[in-house]
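Undergrad: Dropping the sequence and predicted coords here.
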Amino acid sequence: MHPKPNEIAPASGKLGVLLPGMGAVGTTFVAGVMLARRGSAKPFGSLSQLGTIRLGKRTDHRVPPIKDFVPLAGLDQLEFGGWDIFPDNALEAASHAEVLSKEHLALVKDELERVRPWPGVFFPGFVRRLNGTHVKTAPTKRDLAEQVRDDIRSFKKERGLERAVAIWCGSTEAYTETSAAHASLAAFEKGLADDDATIAPSMIYAYACLMEGVPYANGAPNLTVDIPALQELARDRALPVAGKDFKTGQTLMKTILAPGLKARMLGLRGWFSTNILGNRDGEVLDDPDSFKSKEVTKLGVLDYILQPKVYPDLYGSLYHKVRIEYYPPRGDQKEGWDNLDIFGWLGYPMQIKIDFLCRDSILAAPIVLDLALFLDLAQRAGLAGTQEWLSFYFKSPMTAPGLYPEHDLFIQLMKLKNTLRWMRGEEPITHLGREYYD
Ligand SMILES: NC(=O)c1ccc[n+]([C@@H]2O[C@H](COP(=O)([O-])OP(=O)(O)OC[C@H]3O[C@@H](n4cnc5c(N)ncnc54)[C@H](O)[C@@H]3O)[C@@H](O)[C@H]2O)c1
């Protein structure tokens, strides 16, 4: 267990937010922060900006905003940098993504244009549907990592940054399993020098960030900071890491609904989920290997929430199926259908149909913001390694070895808020009636 931080270093100075991948999610986040800080729009969906936290007993009436309770960097302190395999600046990439309106983008046009990606680290086998044109070249993967480290150092120097954090907003890489080169830091560094084929671009960014003292979160389902080598590096350097795969859209709905059905001991026979989406993410996920990474994170959720082994009569024969269909006319405005076959008293069947007309990047952008601010807080509080209290934001939360992930959104929120209370020396809230503890 981590010792309780005695002191959290202040959030002074500028905080760099580094984005490997500046596509729909990355630019919606950057433009959104720019709009919010000039008062042109509100950062809805962000717990760090809008959430409150109850302290003490209900009768104490102490409910400060989270951002006043823990020392978080303010939106004005953020500076943005990133990498992409296409040279478009943030304005061009945001226009191409068609998430935000022309009117919104026009308000922050100059600021967005100044965010220009550095060339990316890219090996086509990991994202087959894209043909990167703005990429680094070097004799080995170790040299590529050095180039990324140089980018980070120059960015920090040029902008006068105190600290930085990184959030992967790049495309989903093809599914890979842990290999020998991932097993330890020494093996990984040897693998970089030997150009080991199992070292993915995302791992090179994460390695470079951690070597530069930059905490890292993984917004996609591919393996990155969850390989033993990078876990070791995060612990050695006392840096927080988190992942993986932002919890938005259909999976968010699943982790809201499933705990409710289970709480009422209603059974489930089947849950069929299908999506249509037409953005670049959808195009990448049209490739079966990239989809495999996604499918694994999407399917795990219900098993952990419903505990079919503990409740075999209710959930033992659940048929769970997830599909993603690339359908260009829809762009970023995904539509997710769910059909739930449930049963109640005496086994009588019922159905629930959900049609979620969502906007993927609108749901993901506030997650990027919260992760950037909370990872920075974690670092200043001296918390190292996987930050399970940030599970709230992920489809497939990383855990300490041997532990199962917590998927229930409400347990995740309680864990997040209790961690904040613990950091500030406040009692956790147990919801035990006051008549029992007074
Ligand atoms: N939008 C959501 O709701 C959501 C939810 C969960 C996870 N995600 C994940 O977030 C990521 C970003 O989603 P998006 O909708 O912004 O996709 P996108 O395709 O619009 O953006 C991804 C960007 O990453 C770039 N890229 C790819 N490989 C790269 C590399 N090696 N280095 C640097 N840049 C690279 C691409 O050129 C692209 O600009 C995806 O992996 C997606 O699966 C998104």
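TA: All right, it came through fine. Numbering: from 1, shown residues only.

Undergrad: can you list the residues of the chain near the ligand?
TA: Contact residues (Cβ under 6 Å from any ligand atom) of the chain with the ligand: 20-26, 83-86, 97, 120-122, 127, 130, 169-172, 201, 219-220, 245-246, 248-249, 279-281, 360-361, 363-364. Using the backbone N, CA and C atoms, a C-beta is placed for each residue, glycine as well.

Undergrad: List the ones among those residues that fall in strands.
TA: Using DSSP state E, the members of these that fall in strands are 20, 83-84.

Undergrad: And whichever residue of the chain sits closest to the ligand, its phi and psi?
TA: In the chain, the residue that lies nearest the ligand is residue 23 (1.8 Å; Cβ to the nearest ligand atom). Phi and psi for residue 23, reported as degrees, to the nearest 10, are phi -100, psi -140.

Undergrad: Same question for residue 73.
TA: When read as degrees, to the nearest 10, the backbone of residue 73 gives phi -60, psi 140.

Undergrad: residues touching it, list them.
TA: Counting by Cβ atoms under 8 Å, 6 or more residues apart in numbering, residue 73 touches 11, 15, 373, 376.

Undergrad: could you dump those residues to a markdown table with distance to residue 38 and secondary structure?
TA: Below are the contacts of residue 73 laid out as a markdown table (distance: Cβ to Cβ, whole Å; DSSP: H, G, I helix; E, B strand; the rest coil):
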| residue | distance to residue 38 | secondary structure |
| --- | --- | --- |
| 11 | 20 | coil |
| 15 | 18 | strand |
| 373 | 18 | helix |
| 376 | 22 | helix |
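
Undergrad: Show the contacting residues for the residue of the chain closest to the ligand.
TA: Residue 23 neighbours (Cβ under 8 Å, 6+ apart): 84, 93, 97, 169-171, 280-281.

Undergrad: neighbour-wise, which of these leads?
TA: In terms of neighbours by other Cβ atoms under 10 Å, the contacts of residue 23 top out with residue 170 at 32 neighbours.

Undergrad: what about the residue lying closest to that one once chain neighbours are set aside, distance to residue 70?
TA: The shortest distance from residue 170 to any residue other than its chain neighbours is 2.7 Å, reached at residue 21 (Cβ to Cβ, 6 or more residues apart in numbering). Using Cβ to Cβ, to the nearest Å, we find residue 21 at a distance of 28 Å from residue 70.

Undergrad: By mean pLDDT, point me to the weakest helix or strand of the protein.
TA: Every helix and strand in the chain was compared by mean pLDDT, DSSP states H and E; the lowest is helix 434-437, with a mean of 56.

Undergrad: wait, residue 64 sits on residue 55?
TA: Yes: proximity of residue 64 to residue 55 meets the contact threshold set by Cβ atoms under 8 Å, at 7.1 Å.

Undergrad: Look at the two and report which has more neighbours.
TA: residue 55 (18 against 12).

Undergrad: can you list the contacts of residue 23 in JSON lines and add distance to residue 385 and pLDDT?
TA: Converted to JSON lines, those look like this (distance: Cβ to Cβ, whole Å; pLDDT from 0 to 100):
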{"residue": "84", "distance to residue 385": "29", "pLDDT": "98"}
{"residue": "93", "distance to residue 385": "33", "pLDDT": "98"}
{"residue": "97", "distance to residue 385": "33", "pLDDT": "93"}
{"residue": "169", "distance to residue 385": "22", "pLDDT": "98"}
{"residue": "170", "distance to residue 385": "23", "pLDDT": "96"}
{"residue": "171", "distance to residue 385": "26", "pLDDT": "93"}
{"residue": "280", "distance to residue 385": "32", "pLDDT": "78"}
{"residue": "281", "distance to residue 385": "29", "pLDDT": "75"}
